[in-house]
Every structure is written in structure tokens, then in C-alpha cells.
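>>> Quick one: sequence plus predicted model below, questions after.
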Amino acid sequence: DTAVSQTPKYLVTQMGNDKSIKCEQNLGHDTMYWYKQDSKKFLKIMFSYNNKELIINETVPNRFSPKSPDKAHLNLHINSLELGDSAVYFCASSQEFRTGPYGYTFGSGTRLTVV
Amino acid sequence: QKEVEQDPGPLSVPEGAIVSLNCTYSNSAFQYFMWYRQYSRKGPELLMYTYSSGNKEDGRFTAQVDKSSKYISLFIRDSQPSDSATYLCAMSGTGRRALTFGSGTRLQVQP
């Protein structure tokens, strides 16, 4: 299936732990994103990579570190997890054109709960 | 003030009704406008994509963009219970910028 797939779907962990979320797309897109969706459904950009190059790095705590080993993969590592990190994290990809982005394809999300 | 404002709802309508969903925005650099539909516990999926001002129709869905008023709309005709979801508007300027999303409107279509 052509898609954006992220793992795990659910993650429950204790405060202070370190965890990673993985994302892979087989759509041939050249840009990938991490978005955080809070309990009110608001989607906020965290990071964006274009062909393994970090192009957007919004104001997020430096406990969050993205890594893109190749243009089909974008992982998110979170150190020292806090209660406020509980949210749904979405990976997305798109094909950028000179004039702007086309629509994103989203993964199904990783529901992170920090206890 | 957020760059993109969207009424969170919930909006409850009877089956067959015409639904109007709206967003306002403040950034005049936005040129690309999209609507996403998100079912519960799923990722958003692209519904409509419009560049600059004008209308676009796709089946029961019509997207309108009025850049002079910084206002975009999504109309759903003959709404169905399967349309029950959260609808998110999203927009972007040119260049390497990520989409800015509205907070979503939850729609419930009652059978």
C-alpha cells in the first residue's frame, strides 16, 4: 500500500523516559513533517525536512530531536518526557513545487500518553 | 490572535442538509488553501485544494476562497452521516513553508 506509516500507534510511558516515533513514506515525496495535535484538535508544525535537510524548526523544546536518514524516513526522538508532551503526533509528507506545497498525506498518528 | 480562525463547533445538521464551514485568516501571503477531513482517531485526509481566489467543486463539495476578505468556505451538499468528522482548513504561502491549520470544526450529520 502506498502511504505514510508511523509506529507505534499508541505509546504510554512514564515521565522522564526517552522514546522514539518512526515514520516512513513510500509516495516518493521529497518533504516530510512532524505535527503535534493537542486535545482541542489543533495541529501545530514542529519540524520539516526536505531531502534530508531540516527546513522548518519551530519553537519546540530541544528535548525533541528529528532525524531523517533518507528522504523516505523521518523519526522523532523525545528525551525526558513530560506530562505536557501527551498529544497525538502526526507525520506527513508532500511533494514541494517551486511555487508552494501540494496537499499533505498524513500518517494515522501516534497517541502519546505520559503518566 | 491565531493566524487562522475556525469555529470549533460542534455543528449538528440533519441528513440531506447543506453544510457551510468557514475559516478566516490574517496572513495576506497565503496563496494555497485546503480542506482536510479527519475522522476520529485517524489522520487528516485532503478533501479540497484551491490556489488563490475562486471556487472549486468536487462532487458534493465546493470550496470557495475570497482573498479580499481573507475568508474561505467549504460547502457540503446533501450531507450524509458518513460526513460526520472534524473538518480542518489549512493554508500556506509560497516557498518552503508548512501548512498552517485551523483548529477544526466538528460536524455531526444526524440520520
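Thanks, I have it.

>>> So which residues on chain B come close to chain A?
B:8, B:31-32, B:34, B:38, B:41-46, B:49, B:86, B:88, B:92-101, B:103-104, B:106 (Cβ under 8 Å from any Cβ of the partner chain). C-betas here are computed from N, CA, C, even on glycine.

>>> Run through who's touching stretch A:52-68.
When contacts are taken as Cβ atoms under 8 Å, 6 or more residues apart in numbering or on different chains, the neighbours of stretch A:52-68 outside the stretch itself are A:31-34, A:36, A:44-49, A:69-71, A:74-82, B:96-98.

>>> Enumerate the positions of stretch B:74-84 that are buried.
Of the residues in stretch B:74-84, those with enough neighbours to count as buried (16 or more other Cβ atoms under 10 Å in any protein chain shown) are B:74-76, B:79, B:83-84.

>>> ok, so of those, who is nearest residue A:94?
If you rank the buried residues of stretch B:74-84 by distance to residue A:94 using Cβ to Cβ, residue B:74 comes first, at 20.2 Å.

>>> Let me see the contact set for the residue nearest the centre of chain A.
With distances taken as Cα atoms, centre = their mean, residue A:34 lies nearest the centre of chain A, 2.7 Å away. When contacts are counted by Cβ under 8 Å, 6+ apart, residue A:34 is found next to A:23, A:45-48, A:66, A:74, A:76, A:89-91.
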